Every structure is written in structure tokens, then in C-alpha cells.
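Chemist: generate coordinates for the sequence data below:
(chains A and B)
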2 protein chains.
Amino acid sequence: MSAYLDRNDIRDAYLDELVEFLRLPTVSARNDIPVMQKAADWLIARLESLGAQARLLDSPGMPVVYAEIKGDSDRTILFYNHYDVQPPEPLDAWSSDPFEPVVRNGMLYARGSDDNKGALMSRIHAVEALLKERGTLPVTVKFLIEGEEESGSPSLPVVVDHNRDLLKADACIWENARRDDAGNPTMTLGNKGMYSFELRARTASADSHSGKANLYPNAIWRLVSALASMRDPQGKVLVDGFYESVTPLSASDEAICRETPANGLRQATKLGLDELVPGNDDYSVNRALFYTPSMNIQGIEGGYTGPGHKTVNPSTAFARLECRLVKGQDPDAVAAMIATHLEKHGYGDIQIVNKKAGAWPSYTATDHPFVKVVAEAGSEVYGKPVVVLPSSPGTGPRFVFRHQPDMPIIALGVGHANSRAHAPDENIAVEDQFYTTKQVARIMEKFAAV
Amino acid sequence: MSAYLDRNDIRDAYLDELVEFLRLPTVSARNDIPVMQKAADWLIARLESLGAQARLLDSPGMPVVYAEIKGDSDRTILFYNHYDVQPPEPLDAWSSDPFEPVVRNGMLYARGSDDNKGALMSRIHAVEALLKERGTLPVTVKFLIEGEEESGSPSLPVVVDHNRDLLKADACIWENARRDDAGNPTMTLGNKGMYSFELRARTASADSHSGKANLYPNAIWRLVSALASMRDPQGKVLVDGFYESVTPLSASDEAICRETPANGLRQATKLGLDELVPGNDDYSVNRALFYTPSMNIQGIEGGYTGPGHKTVNPSTAFARLECRLVKGQDPDAVAAMIATHLEKHGYGDIQIVNKKAGAWPSYTATDHPFVKVVAEAGSEVYGKPVVVLPSSPGTGPRFVFRHQPDMPIIALGVGHANSRAHAPDENIAVEDQFYTTKQVARIMEKFAAV
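Modeler: Residues are numbered from 1 along each chain as shown, chains lettered A, B, ... in the order given. Have a look, this model is predicted:
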């Protein structure tokens, strides 16, 4: 463990540096090139100060920073992070300026503190601490830092694809995970995939008088029937082949489902429910959350929904859906299955539009040796076990490395359950920043040894 | 046939009088009591000029005019009309002032010309013509003229209920029917009933992240499943008992379905369709339109439907529906069946709100002798057969007389297929005004004789 990171002068300097970096309003949605370039320049200078070879990678979008420092062993760890942040709006919901960081009661408030400038700085500081203490790094490290993650990482797939050899590594530490509700540190081993799309029903060239409802087809009924054919009332997707390619759970996955605390009842109560759809027991919740794909309706609209009644038979209606996909599923294949389903069930007239086969699922095997390295490094630092989550509940761009299926990718970060990542008053505990920094340093040491 | 009504001076005077009455802006939605009272006073004075005993009936709403003139036989005909009109808006879509009637190319343009001041004046003028020619009426006539029809006739049920004996009649001529697309005069023998309601699904106290779609119930899916349980994709309502009380078709009804020109293909083409839901043949169209109840979704809404995608699992959704009911069905009973259906199928959590058991179906038997009287009177006047429509496509307040199930109620009017009843440039053919007036006079003569 790095004694260097326990020095008060170092902690003060590192916190100051994080604050300095948080001041840059790197909102990718604003498309403000100068501020993004400034952040990239700042990172390159900082990484060079570590002795790294740092540079920009060719990218069609915001600057992408790459840096590499050779280590003693033949092992390589890749750090993936991003320097962009979510828009801070609504501004009046913040207790203090989102880009003027302040510490109150041990908590650092700033846009990007949790997501993910704190995590990014923890990687840099961990590397520096090891270099100060050991002179060299136990493993080779590579940094890949993009500036478009909060805008959906549109350039990342291209950049990674053009730099496959450069970015090759034995393991990858991803941005962000957070302490759970009970305060346990967590790490996530994956992201779900996603296929999103809209269904548009048009049954006639104009709406008609509902007194003639038996004569003219109703677009809402047609859409409702098509939707009902795709998923049963219990949530099972009825599209042929949908579950076929889902990877069966390993013994290690099963163990995770049994043993990971899921707090089903607490989650249910938060939303005013007596129980969750799969039941409140840990196994059912974990299995549903981590290993079961879903088909969700985000929104639906058709006909007249204003005040009173309007006796109309609507000729158009639409619904927006998304499938969250798990290990083994391919969004393009799922898209094709859904189109086939509609055709086969007589709904070929319903248009599938705004299709976005946006993300492939990405899972690191729960029994991969690197999982143990990261978990043990965490429990040594935090003094309590790290909860291993097979997947984040959300979707993310880990899949851009799916050409390296053997590279484990594990996310860890500096946040906690109330960090409010995309909301006003985003914050982290200052102490967590140093816990994570130490954990990252410890991972490098341990990974060299396994 | 009344020669009186062929006199040019009389026709000019009657057209002038209709124009005078059309100038009154009797928009019930405006709640302008003085203008409504003025119209009622005008009607009372006019009816008294025929020798009628005319007066207002007690009503919680706009003035309701009643008048009676004794006739020679023991037969009584009741005329139901209304003096209120639809709002004229949007005003700039009119070619001329809606309340400054003008005749262009034989067509009279004014709000209320078709619906239904033209029809109302045709009754008054028919009575006057017979009195002028014969000195007395062949049948007793009763006028019931309300001022809230375009606002849903909220007071009419109460007024009719309080005056059951007064309003007793052997037959009733209702407001409005129109020449069809082919120019044939029509008469309608009924109105559909209606039960309208909203379904509201609420599955949690707040929306949730769609990455957890397998944990929390989705209100849109729940609503879609409930809706799909209520009606099959072909339009058949799956609610137990829904069709049970529908009156079987009589031989006369069957004949009407076979023989009434329905123009299925023309109707389909108007909406860009190759065929109507029941098929384009006359029998199927007529049967579906006149004798088959429907369950229609007027509108549906839930979740996020703005631009782009929002990865949300919505906790609320709603749909607005209406059932159009036919002969034998009771809206209150249908309401109970739907509530029972939802309960029985596990959707007891879905709230049924804004229930409106607003209208009972009303049908006059197609083989009733009065139908023949009206049809023959029409064919004598128009010189071509009158198309007998068992029902208007819409719903209306004929049902307020359902305590007199033996009283036939037949609608006939002065409009044509492009009269634009509730739209800008409402109009009638001047000639049709006199055709209908003659038909009403002839009905009184013929009905005394059967």
C-alpha cells in the first residue's frame, strides 16, 4: 500500500489538482472546442509529467488523449476514462456553482466530480504514487481518455478500431462504479447492450368519425395488438430467437446471483411497491437485473388525449421501445428478429423507424482472475468486501473492445449512492477519492504478481 | 301534396323567415342567455301564430319550447328539434359571415342551416301549409324544441322525464338526416348508444431507469396488455357478455343490410384504403355500421414521446376509450362488464375514470308502419326512393324517449352530403328545404290515413 498517498501534503495537492480540473466546463453537449482542447492539452501535459508518451489520437470528434508508460512486467493495464461532463442544467437547482468546486462536510460538490473526473484523476495519481515510491511501474499502463462519453461516444468505436494494436492490454479499468446503498464499494463487470427503435402504425390517410369504428382500422388498436404479440403480460419477450443466444450462466455467475446483496424489498419500497417483478429475493433480482434481457416501452402516443372526449378513430400511433441485451446477444440480430416477428404475425405494415442498434452487451467473466485482483485490492483498501456486480444497470461503450474478448474490463469509481451523477449537486466524498486512488495503485501491484 | 308550398310568394316568405331565424347566433356553447331566450320567444310567437298553445317547459338549462295543435284524428306526431347551433369557429374559414345568411348558386350558407334550423322551420311551415289548405291538421302535432343539443342535451332527459304524459305521441319526427353521396334522400331510424371511459395504469410511485426494466413494472406494457385482453386484433370485443344482449336482426333488418347502398369501395378509397374492415360489400358494411357495437380507442399516452430516446420505464399511462352500442345494449351494463373483465383478468389495479354512460342506443324497427309512411311521403315528394338507414353513424339523445319503446322515431332533414354541419360554410340547397317541408306535410296526411 502506498504510504505516499497517506501524506497530507500530497492529499492536499491532489485534491487541489482535481478541483483545478473540475473547473473546466467540459460539457460535450455544448460543442465548445476550445475548452475541450484545453482539457486535452492539460491531460497531455499532466501525463507527460509522469514520463508518459502522450498524444492525441486521430478522431472525427472531440480530442482523444492517449498515453503509455512502460512497466517492469509484461502485463499491461488499459485505463479508459473521459474528460467530458453532463450539462449542469438546471442551474438554479445547484447549491453552488457546478464549475466552482467546494468541499462541504467532507463532500466535494462539482459537475464531473463523480462522473468521471474524480475517477480519471485517481488513475493518474495512482500511477504517480507508484512511480514516486518504486521508481518504475509494476505493469505497463495505457490511458485512453475521450471527450464524448456523455454524448454517446460517437467517435470511440472508430478510434478504437483504428488503434487495435496500440490499445491492446491484458486488462482494462473502466470509468466509474459507486458505493451501494449500504456503503459497500462496488465494481461492475459489464454493461448491457441496447437496440432501440420506434413502431409507427398508420391505418388510413386520415382520422375518421368513431361512429364508424367498425369500418375503418384504428391505428392505436393495431399498435396495441402488435405490441401485445411481442411480450407477454409477465414480461417474457415472445419474439422468436430472442433468448436463444443468451449465454448460459456459469457456476460463478450463479454464485454471484445467490450471494450479491440485492436489497429487493428496499428497492421495491422506494417506488411504493410491495415487491419487484421477479420477487424480492437476491437470486431473482440479480438474475433479472444482470442476466435477463428486457423489452421496454419508453413512450406511446396516439389520437386525442386532451381534455374531455373526442369521438375520433385515429389513423396514426407510435411507440418507442428499447431492448436491453445481455451476454451473447447481438443488437443487429435482435433488430432482424423483431422485424421478422412483425412480418410473420401480420404486422408488416407497421414501420420500424429510428432504429439504433447502438450498443453490444459487454461482460467480463465473474471468475476471471483479474476480478479477484480488483476485489482483493478493494477490500484491502476499504477494509470491507467489494460487491462484485456482473453489470451496471445501464448501457455503455465497453463493447468497443469486443474484438478483444479475452480482455477483462472492470469499472470502479469514486462515487456513492447519492452522488447524483447526472443531476444537480453532483458530489463525492473526498475520502472516497483517495480510497479509489489507493485501490488503483494496489491493482497495478497485485496484477504484476498473479 | 300541398299546392300552397309551390306558391312563389310563400316560398320567398318562408326562405326570408328561415334567414331571419338563422341570423340569431344561438351558440349554446357561448351560454348567452339573452340570445337563447330571444330565439325561444321568437319560436313561441311563431307557434302561437299557427294557433298553437305554446310555452316554456321547466328546465334547469336553456329555454325548452313546447307547443301543441290538436288535429282531426286521434293520432299524434311529436316533432323534436333544437334551436341552438354549433360554434362557428374558425371564422376565417368561412366564405361569408356565419350569421349573415346568403344564397349562392341555389345554396344557402349559414351556421345552423343544416343543423338544424332548416329542419325546424320545415316542421313549422309544413303545419302552416296544411292549416292554410285544410283549415285543420289531420293529426295532432306536438313541438319539443330545446337549446342545448350541440352541448350534449344535458337538460333534455330531465325535461322529458318530467313531461312524459305531455310528450306522449304515436310517432316522432326527429331532427336531421341528409341526402347521401349519391343524392338520395335518407331517413335514419336510430342512434347508437355510447359508454366512454378512461383507463389509467399506475405501476409505481415514480418512473425508473429502463436498465432495471425487469425489476419494475412498466405502466405502458400493463395498459397495452389490459387493452389487448379486451379486444382481438380483428376488432371482436372479448369482454364477457358484451354481445349477449344485442338484439338479433329481424328479417326486415337483414333486408335493409342487403339492400341499402353502402358504397364500401368509395368509402375505403376516401381514406386511402383498399377495403373496409368488414369488407366492401353492402351487407357487411351495413351490418357493421348499424348493428355491430364497437370498442374504440380515442387516444393513448404514456412515457416520453419527445425527440430522441429517453431510457425510462414509465410508471403511468392512460387510454381513452368509447364503446358504441347498438339495439338491446345498456351502457351501464356494459360499464359493469368492462370493470368485471379487468378485475377477472388481473387488471383490477387499472383505474376506470371519467366514466360517462352517456347514451342509450335507440332504434325504430325497420318494419314499423310509420317507416313506410315516411319513406312513401319522401319518394312522392322527391320522385325517387328514400334510403332507409337503421341508424345514424353517431350517437344522439333519441334515447330520452326510451320509456315509450313503441313510439317510432325517424329523423329527416334538409342537408346533403356536403352540408358541412359542424364545419365552416355550413349550407343547404334551398330546394331541399322545400322538399323536406312538403315531405313533413305529406307525412301528417298519410299518417292520419293508416
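
Chemist: please, where are all the helices along the stretch 51-200 of chain A?
Modeler: With DSSP state H, counting those that start in this stretch, the ranges of helices along the stretch 51-200 of chain A come out as A:118-134, A:156-162.

Chemist: any idea how chain A splits into domains?
Modeler: Using the TED database, the domain ranges for chain A come out as A:1-191+A:361-448, A:193-246+A:293-353.

Chemist: how about the nearest residue to residue A:175 once chain neighbours are set aside, what does it touch?
Modeler: Nearest residue to residue A:175 in three dimensions, chain neighbours excluded: residue A:116, at 4.2 Å (CB to CB, 6 or more residues apart in numbering or on different chains). No exception for glycine: its C-beta is placed from N, CA and C like everyone else's. Residues in contact with residue A:116, defined by CB atoms under 8 Å, 6 or more residues apart in numbering or on different chains, are A:81-82, A:149, A:175-176, A:413.

Chemist: for the closest residue to residue A:94 other than its chain neighbours, list the residues it contacts.
Modeler: In this structure, residue A:94 finds its nearest non-sequential neighbour in residue A:424, 4.6 Å apart by CB to CB, 6+ apart. Taking CB under 8 Å, 6+ apart, we find residue A:424 in contact with A:88, A:90-91, A:93-95, A:98.

Chemist: close to chain B: what parts of the stretch 351-450 of chain A are there?
Modeler: Residues of the stretch 351-450 of chain A that fall close to chain B, judged by CB under 8 Å from any CB of the partner chain: A:354, A:356, A:392-395.

Chemist: low pLDDT regions in the stretch 201-350 of chain A?
Modeler: Along the stretch 201-350 of chain A, the model assigns pLDDT under 70 to no residue.

Chemist: about what we covered before: now, which of the contacts of residue A:116 sits nearest residue B:320?
Modeler: Comparing these against residue B:320 with CB to CB places residue A:149 closest, at 41.4 Å.

Chemist: please look at that closest one and residue A:175 and confirm they touch.
Modeler: Yes. Assessed by CB atoms under 8 Å, residue A:149 is found in contact with residue A:175 at 7.4 Å.

Chemist: overlap of the contact sets of these two?
Modeler: Counting by CB under 8 Å, 6+ apart, the residues touching both residue A:149 and residue A:175 are A:82, A:116.

Chemist: list the buried residues in the longest helix along chain A.
Modeler: What stands out as the longest helix in chain A, according to DSSP state H, is helix A:430-449. In terms of neighbour count (16 or more other CB atoms under 10 Å in any protein chain shown), helix A:430-449 has its buried residues at A:430, A:432-448.

Chemist: residue of the stretch 1-150 of chain A closest to chain B, please.
Modeler: The stretch 1-150 of chain A approaches chain B most closely through residue A:29 (12.0 Å), counting by CB to the nearest CB.

Chemist: list the contacts of the closest residue to that residue other than its chain neighbours.
Modeler: The shortest distance from residue A:29 to any non-neighbouring residue, by CB to CB, 6+ apart, is to residue A:87 (5.1 Å). Residue A:87 makes contacts with A:27, A:29-30, as judged by CB under 8 Å, 6+ apart.

Chemist: off-centre distance for stretch A:229-241?
Modeler: Relative to the centre of its chain, stretch A:229-241 is centred 26 Å away, using CA atoms, centre = their mean, to the nearest Å.

Chemist: any idea how many residues pack against the nearest residue to residue A:273 once chain neighbours are set aside?
Modeler: Once flanking residues are discounted, residue A:273 sits nearest to residue B:204: 5.8 Å by CB to CB, 6+ apart. Using other CB atoms under 10 Å in any protein chain shown, residue B:204 has 19 neighbouring residues.

Chemist: in what helix or strand does residue B:204 lie?
Modeler: In the assignment (DSSP states H and E), residue B:204 maps to no helix and no strand.

Chemist: picking that back up, report the inter-axis angle for the longest helix of chain A versus helix A:118-134.
Modeler: Helix A:430-449 and helix A:118-134 meet at an angle of 60 degrees, taking axes from the mean of the first three to the mean of the last three CA atoms, to 10 degrees as the criterion.

Chemist: for the nearest residue to residue A:4 once chain neighbours are set aside, which residues are in contact?
Modeler: Of all residues not flanking residue A:4 in the chain, residue A:129 sits nearest, at 4.6 Å (CB to CB, 6+ apart). Counting by CB under 8 Å, 6+ apart, residue A:129 touches A:2, A:4-5, A:10, A:437, A:441.

Chemist: just the closest of those to residue B:219, please.
Modeler: After measuring the contacts of residue A:129 against residue B:219 - CB to CB - the closest member comes out as residue A:437, at 43.2 Å.

Chemist: wait, isn't residue A:219 in contact with residue A:315?
Modeler: Yes. Judged on CB under 8 Å, residue A:219 makes contact with residue A:315 at a distance of 5.4 Å.

Chemist: shared neighbours of these two, anything?
Modeler: The contact sets of residue A:219 and residue A:315 overlap at A:202-204 (CB under 8 Å, 6+ apart).

Chemist: which member of those is positioned nearest chain B?
Modeler: Closest approach to chain B among those (CB to the nearest CB): residue A:204, at 4.0 Å.

Chemist: got a list of what the closest one touches?
Modeler: Neighbouring residues of residue A:204 by CB under 8 Å, 6+ apart: A:216-217, A:219, A:315, B:271-273.

Chemist: take the residues you listed and keep only those in helices.
Modeler: Judged by DSSP H, the subset of these located in helices is residue A:219.

Chemist: now which of the contacts of residue A:204 would you call buried?
Modeler: A:216-217, A:219, A:315, B:271, B:273.

Chemist: pipe those residues into a markdown table and attach distance to residue A:192 per row.
Modeler: Formatted as a markdown table, the buried ones among the contacts of residue A:204 follow (distance: CB to CB, whole Å):
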| residue | distance to residue A:192 |
| --- | --- |
| A:216 | 41 |
| A:217 | 36 |
| A:219 | 31 |
| A:315 | 36 |
| B:271 | 42 |
| B:273 | 41 |
